[in-house]
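Chemist: Need coordinates for the below:
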Amino acid sequence: MSAADGAEGPLVVGIDSSTQSTKALVVDAATGAVVASGQAPHTVTSGAGRESDPEEWYRALRTALAACGDAARRASAVAVGGQQHGLVTLDAQSRPVRPALLWNDVRSAPQARRLVDELGGAKAWAERFGSVPGASFTVSKWAWLAEHEPEAVAATAAVRLPHDYLTGRLTGDGTTDRGDASGTGWWASATEAYDEDVLGRVGLDPKLLPRVVGPGEVAGTVHAGGGELPFAKGTLVAAGTGDNAAAALGLGLLPGTPVLSLGTSGTVYAVSRRRPTDPSGTVAGFADARGDWLPLACTLNCTLAVDRLAALLGLDREAVEAGGTATVLPYLDGERTPDLPNASGLVTGLRHDTTGGQLLQAAYDGAVHALLGALDRVLENDAADADPTAPLLLIGGGARGHAWQQTVRRLSGRPVQVPEARELVALGAAAQAAGLLTGEDPAAVARRWNTARGPVLDAVERDEATLERISGVLSGAAPLLEEA
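Modeler: Residues are numbered from 1 along each chain as shown. Okay, here's the model as predicted:
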């Protein structure tokens, strides 16, 4: 008997199409048990740009689903969670015009700054859109493309986000959701609609954009795909959402519970019932996938940056040592928080007795310092609901690393909880798919599945000296980093 044969309820599929890979989970909608899974990698360019072929995402999706075997064929509903902000341009035959520009492609920083100025500054953007666009935002990338590759813009018949593209491959229709749309810079949170003024300024016809599917609505059904997909024709497809909104669903988040995610990028967020409007631009005022809000701050440099430094030092990523005077700002790909898109990494405070392990620990400290500063701003938005003593939910690929756990504990001074569930984006997508079948709120589905269950690490005294040292270095070095 297969694992699927022992399922109590209908089966659903949750998909996580991230920067580096696509993962698929087949989940028992009744219990949350994962009965099958699959994964396949993506290729991302290096250098000044960060690009990926959307067709490769679809091939990876097919490979991941094939690894799930018969369980995927028995699924009754499916949803896609995907990396945010990426710009996918499709021609009249729904084929990619060019590789997608990814969230961590910072070439559009000048266009972002110009757009902020043209619409009245950061405060006006925050009040109207909930966020101040940076190089990560899709509107900036479209403006860059129009300036540098007008022939690609002329050939574009549809504009999609990564999760939109894969959902469209399932349904044959063009749809998105409010959570992912809120990261474009052309969906206004004040009106919950596409903003024709901004679209006009960047020369984007609103007819090229997908329909925004509301929370709990069906995006479509799986259309005949020539046997490429294991799903039966007519299988329900949920709206899907961006990766962070999907992870929030996967955790079953209640308002005010803080999350710190350690992945290729680092993110901090909390569900809020109030629409965020941070004029500093640190906190992006995203919508969530349910009807609430997801104030979020993101850093470009997290686990990969620290792993790169470990490799340069010839050390295992866990080979950290306490002590020393070194400070590392690990901004290897430019940085979004703080807003230094042209920055590179910086090391200072070296002495003859500085060890490699101390330098590696300083890289962890630099990455976590940026995230915790951003988390303070996120929780300011939701001060009435936030409990300052509640454990930080630590998720993402780095969450199980001892060095990451201890660094977060030491620099936050808060207890840290590490959920046992590993694939929270895919689980959130699965919960969204399950909600179509049961009529439940997807976050309530995830709470019923108890996805946030995991050990709690007690709080330790906050290392104020290290935090102050890093803040001082950053303050002094910011002009130099910006010039770089």
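Chemist: which stretches of the stretch 301-450 of the chain form strands?
Modeler: Using DSSP state E, counting those that start in this stretch, the strands of the stretch 301-450 of the chain run over 327-329, 346-348, 392-395, 416-417.
Chemist: deepest of these, which one?
Modeler: Comparing those by mean neighbour count (mean count of other Cβ atoms under 10 Å), strand 327-329 ranks first with a mean of 26. From N, CA and C alone the C-beta is placed, and that goes for glycine too.
Chemist: Quickly run through the sheet partners of that strand, with directions.
Modeler: strand 346-348 (antiparallel) (DSSP bridges).
Chemist: Compute the mean per-residue pLDDT across the strand it pairs with, please.
Modeler: Mean per-residue pLDDT for strand 346-348: 96.
Chemist: and the gap between Ala190 and Ala245?
Modeler: Per Cβ to Cβ, to the nearest Å, Ala190 is found 19 Å from Ala245.
Chemist: More neighbours: those two, which one.
Modeler: The residue with more neighbours, out of Ala190 and Ala245, is Ala245; 33 against 13, by other Cβ atoms under 10 Å.
Chemist: Helix or strand: which one has the more buried one?
Modeler: helix 243-251 (DSSP states H and E).
Chemist: What mean pLDDT does that helix get?
Modeler: 95.
Chemist: for stretch 217-230, same thing?
Modeler: pLDDT averaged over stretch 217-230 gives 85.
Chemist: In terms of helix, strand or coil, where does the closest residue to Arg98 other than its chain neighbours fall?
Modeler: Leaving out its chain neighbours, the residue that sits closest to Arg98 by Cβ to Cβ, 6 or more residues apart in numbering is Ala152, at 5.1 Å. At Ala152 the chain is in helix, as set by DSSP: H, G, I helix; E, B strand; the rest coil.
Chemist: mind giving me JSON lines with the strands of the stretch 301-450 of the chain and columns for distance to Glu321?
Modeler: What follows is those, written out as JSON lines (distance: least, Cβ to Cβ, whole Å):
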{"stretch": "strand 327-329", "distance to Glu321": "13"}
{"stretch": "strand 346-348", "distance to Glu321": "16"}
{"stretch": "strand 392-395", "distance to Glu321": "22"}
{"stretch": "strand 416-417", "distance to Glu321": "21"}
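Chemist: Asp339: which of the ones you listed is closest?
Modeler: strand 327-329 (13.6 Å; Cβ to Cβ).
Chemist: Any figure for the gap between the residue nearest to Arg98 and Ala146?
Modeler: Applying Cβ to Cβ to Ala152 and Ala146 gives a distance of 9 Å.
Chemist: Show me which of the two is the more surrounded one.
Modeler: Shown here are Ala152 and Ala146; by other Cβ under 10 Å, Ala146 has more neighbours (17 against 14).
Chemist: What's the separation between that one and Gly47?
Modeler: In this view, Ala146 and Gly47 are 21 Å apart by Cβ to Cβ.
Chemist: cool, and Val27?
Modeler: Val27 is 38 Å from Gly47, by Cβ to Cβ.
Chemist: Spell out which residues sit in contact with Arg290, please.
Modeler: Each residue near Arg290 by Cβ atoms under 8 Å, 6 or more residues apart in numbering is listed here: 215, 249, 441-443.
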